[in-house]
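Undergrad: 3D model of this:
(one chain, ligands or ions: 1)
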Amino acid sequence: MVLAQLGGSITRALQQMSNATVIDEKVLNDCLNEINRALLQSDVRFELVRDMRTNIKKIVNLQDLAAGHNKRKIIQQAVFNELCKMLDPGKSSFVPKKGKTSVVMFVGLQGSGKTTTCTKYAHYYQKKGWKPALVCADTFRAGAFDQLKQNATKAKIPFYGSYMESDPVKVAVEGVERFKEENRDLIIVDTSGRHKQEAALFEEMRQVSEATKPDLVIFVMDSSIGQAAFDQAQAFKQSVAVGAVIITKMDGHAKGGGSLSAVAATKSPVIFIGTGEHMDEFEVFEVKPFVSRLLGMGDWSGFVDKIHDIVPMDKQPELLQKLSEGFTLRTLRIMYEQFQNMLSMGPLSQVFSMLPGFSSELMPKGQEKESQAKVKRYMTIMDSMTNEELDSSNPKLINEPRMMRIARGSGRLVREVLDMMEEYKRLAKVMKRLKIPKKGDMSALSRNMNAQSMAKALPAQMLRQIGGMGGLQNLMR
Ligand SMILES: Nc1nc2c(ncn2[C@@H]2O[C@H](COP(=O)(O)OP(=O)(O)OP(=O)(O)O)[C@@H](O)[C@H]2O)c(=O)[nH]1
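TA: Numbering: from 1, shown residues only. Have a look, this model is predicted:
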């Protein structure tokens, strides 16, 4: 997945710093140099990287920190905060209100994924009970209207466009008026793109915007754009009042840092990211959970949201319960069982990218097949272990001769057995620090579940304590 490598590099730099016996100026500089290199390699704009370093150095003044201070924590927190700051323009975008008509105009270069994203955006709100509608104001590209029509029909969203009319302003105005009359609460206008930034494109966008007076203009950008992202985003911002950004194709192998720095150019927040060609491969973008995931720290709220999206309602409490029980990887057998759970979930592999520790290495998005093969390989290796080995909390029990024996028994290489043991130790360490945080989890759950499914998720004793079903309903209100 885009940026997985960046996350891995930053995490490694922080880890190396943490491993140093004494944190002095040199250790800090080495760590920051590593992070800078990783960011630049991911196409993040030089100025942003430079500013981030300056800010961290200002916050982490090693000489001023008394001996008792936990320097590692302070540095880690500063890196986390600065990454968040880089992605956060400090102001939120216009938020449409359900039941009240809003017009949202989409702009972006041809092929950025604009038309697909318009439908994903409409579909996202439709699932939440809104009444969206799509207007195709792209009269430039032959086939644009057909594409929107096809997408909209599939998602059962009303649409408007014309095969005959060549004036995009006219089509846009007619479409918006039609849907206002029909009391649609989210009218989405898809505009045309060009292969490159051209005066004609910007003039057309300006005219459509003037005529339809959108409440929000969303700039759609392909994550593979690289260093050109900043200039492109700025050019769009200068022509129309861009208020939010959506970054597409985050599932690809592009570096992605460039598109994220577009936030700085448009001074507008990224509100969603596209993570695949399908309608549901679309995620709300929130800075802190994103940076948490990037650094392998997990994202509980996203995790619970995702479960809500793809797991049938009646299975959700059971799954959450199962997962939370397995988080302490005391023994290899527990890891084996967790792997079994994961494999039986199939499409849920994307969910695991939100789980701390599983993020970039074990289950990178876009490499599900390879990851599954790796997990299966680990399981084959564990199949050749004794019950004592599987149930022991002491990995040292598996010494060199045993490793060689296990490798022979499972038909794998000794190196692979070693890899598996390393992965186990790594996961066990990460999981040890973890428990579904009660407060966060409860608020995420209460957002997403009705009282009935919530009641099932709670231990009986806790449910009694809060006054049964009635008490729970009050609490949720
Ligand atoms: N993998 C992946 N593909 C995407 C994503 N979003 C869009 N696409 C694909 O990108 C291609 C271009 O998308 P379109 O929606 O046609 O692009 P557009 O910007 O509307 O193009 P014009 O209408 O020509 O301006 C299509 O094949 C989409 O399926 C995404 O998040 N991930």
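
Undergrad: switch to C-alpha atoms for all contacts and neighbour counts from now on
TA: Will do.

Undergrad: show me the contacts for E203.
TA: By Cα atoms under 8 Å, 6 or more residues apart in numbering, the contact set of E203 is S239.

Undergrad: That one sits in which helix or strand?
TA: E203 is part of helix 199-212, with elements assigned from DSSP states H and E.

Undergrad: Can I get that helix in CSV? Just the C-alpha atoms.
TA: C-alpha atoms of helix 199-212 as CSV (Å, rounded to 0.1, in the frame of the first residue of the first chain):
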residue,chain,number,x,y,z
ALA,A,199,-6.2,27.5,-19.3
ALA,A,200,-9.3,26.1,-21.0
LEU,A,201,-9.9,23.6,-18.2
PHE,A,202,-9.5,26.3,-15.5
GLU,A,203,-11.8,28.7,-17.4
GLU,A,204,-14.5,26.0,-17.8
MET,A,205,-14.2,25.1,-14.1
ARG,A,206,-14.6,28.7,-13.1
GLN,A,207,-17.7,29.1,-15.2
VAL,A,208,-19.3,26.0,-13.9
SER,A,209,-18.5,27.1,-10.3
GLU,A,210,-19.9,30.6,-10.9
ALA,A,211,-23.1,29.2,-12.4
THR,A,212,-23.8,26.5,-9.9
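
Undergrad: Need the nearest residue in space to M420, chain neighbours excluded.
TA: Excluding the flanking residues, the one nearest M420 by Cα to Cα, 6 or more residues apart in numbering is Y378, at 6.0 Å.

Undergrad: if we can go back for a sec, now the helix holding E203: buried residues?
TA: For helix 199-212, the neighbour count (16 or more other Cα atoms under 10 Å) marks L201, F202, E204, M205, V208, S209, T212 as buried.

Undergrad: So for E34, what's the nearest residue that isn't a sequence neighbour?
TA: Among residues not flanking E34 along the chain, A13 sits closest, at 6.0 Å (Cα to Cα, 6+ apart).

Undergrad: For the one you found, what is the enclosing helix or strand?
TA: helix 4-19.

Undergrad: Give me the buried positions along that helix.
TA: So, applying 16+ other Cα under 10 Å, buried residues of helix 4-19: 4-14, 17-18.

Undergrad: Also stretch 382-391?
TA: M382, D383, S384, M385, E389, L390.

Undergrad: shouldn't the fifth one be in contact with L397?
TA: Yes: contact between E389 and L397 holds when scored by Cα atoms under 8 Å: they sit 6.8 Å apart.

Undergrad: Could you pick out the residues of this protein near the ligand for me?
TA: 109-116, 144, 192-193, 248-251, 274-277 (Cα under 6 Å from any ligand atom).

Undergrad: Can you show me the strands along the stretch 51-200 of the chain?
TA: Along the stretch 51-200 of the chain, counting by DSSP state E, counting those that start in this stretch, strands occupy 102-107, 132-137, 159-160, 186-191.

Undergrad: what angle sits between the last one and strand 102-107?
TA: Taking axes from the mean of the first three to the mean of the last three Cα atoms, to 10 degrees, one finds that strand 186-191 is oriented at 20 degrees with respect to strand 102-107.

Undergrad: For the buried residues of helix 4-19, give me CSV that also has pLDDT and distance to K91.
TA: Shown next, in CSV, are the buried residues of helix 4-19 (pLDDT from 0 to 100; distance: Cα to Cα, whole Å):
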residue, pLDDT, distance to K91
A4, 68, 27
Q5, 74, 29
L6, 80, 26
G7, 80, 25
G8, 78, 29
S9, 83, 29
I10, 85, 26
T11, 81, 28
R12, 83, 31
A13, 86, 30
L14, 84, 29
M17, 83, 33
S18, 78, 34
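
Undergrad: ok, of those residues, which one's closest to the ligand?
TA: Closest approach between these and the ligand, by Cα to the nearest ligand atom: A4, at 15.8 Å.

Undergrad: okay, now K267: neighbour count?
TA: 22 (other Cα atoms under 10 Å).

Undergrad: just R50 next, same as before
TA: Quick note: R50 (other Cα under 10 Å) scores 12 neighbours.

Undergrad: Repeat that for D231.
TA: Using other Cα under 10 Å, D231 has 14 neighbouring residues.

Undergrad: Ok, the one 10 residues further on next?
TA: By other Cα under 10 Å, 18 other residues sit near A241.

Undergrad: thinking it is in contact with F219, fair?
TA: No: contact criterion Cα under 8 Å: A241 and F219 do not qualify, at 9.6 Å.

Undergrad: what residue is smack in the middle of this protein?
TA: Central residue check for the chain by Cα atoms, centre = their mean: the C-alpha nearest the mean position is that of F290, 5.4 Å away.

Undergrad: ok, and that residue, which helix or strand is that part of?
TA: Going by DSSP H and E, F290 is in helix 287-294.

Undergrad: Now that helix - C-alpha only, CSV.
TA: Extracted C-alpha coordinates of helix 287-294, given in CSV (Å, rounded to 0.1, in the frame of the first residue of the first chain):
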residue,chain,number,x,y,z
VAL,A,287,-5.3,12.7,10.3
LYS,A,288,-4.5,11.1,13.7
PRO,A,289,-5.8,7.6,13.0
PHE,A,290,-4.0,7.7,9.6
VAL,A,291,-0.7,8.7,11.2
SER,A,292,-1.2,6.0,13.8
ARG,A,293,-1.7,3.4,11.1
LEU,A,294,1.2,4.7,9.2
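
Undergrad: Between helix 4-19 and it, find me the angle.
TA: Put simply, helix 287-294 runs at 80 degrees to helix 4-19, going by the same axes, to 10 degrees.

Undergrad: now for helix 287-294, which elements pack on it?
TA: When contacts are defined as 3 or more Cα pairs under 8 Å, 6 or more residues apart in numbering; DSSP states H and E, helix 287-294 packs onto helix 4-19, helix 71-87, helix 300-310.

Undergrad: Quick one, which of those helices gets closest to A407.
TA: helix 4-19 (28.7 Å; Cα to Cα).

Undergrad: Return the helix or strand in the protein with minimum mean pLDDT.
TA: helix 438-448 (a mean of 41; mean pLDDT, DSSP states H and E).

Undergrad: just to revisit the earlier point, quick one: the residue nearest to the centre of the chain and the ligand, what's the gap?
TA: F290 sits at a distance of 16 Å from the ligand (criterion: Cα to the nearest ligand atom, to the nearest Å).

Undergrad: hmm, back to that, could you flag which of the residues of the chain next to the ligand are buried?
TA: 109-110, 112-116, 144, 192-193, 248-251, 274-275.

Undergrad: Low-confidence ranges, the stretch 101-250 of the chain, go.
TA: 196-197 (pLDDT under 70).

Undergrad: what ranges do the helices span in it?
TA: 114-127, 144-154, 168-181, 199-212, 229-239 (DSSP state H, counting those that start in this stretch).

Undergrad: Most tightly packed of those?
TA: helix 114-127 (a mean of 22; mean count of other Cα atoms under 10 Å).
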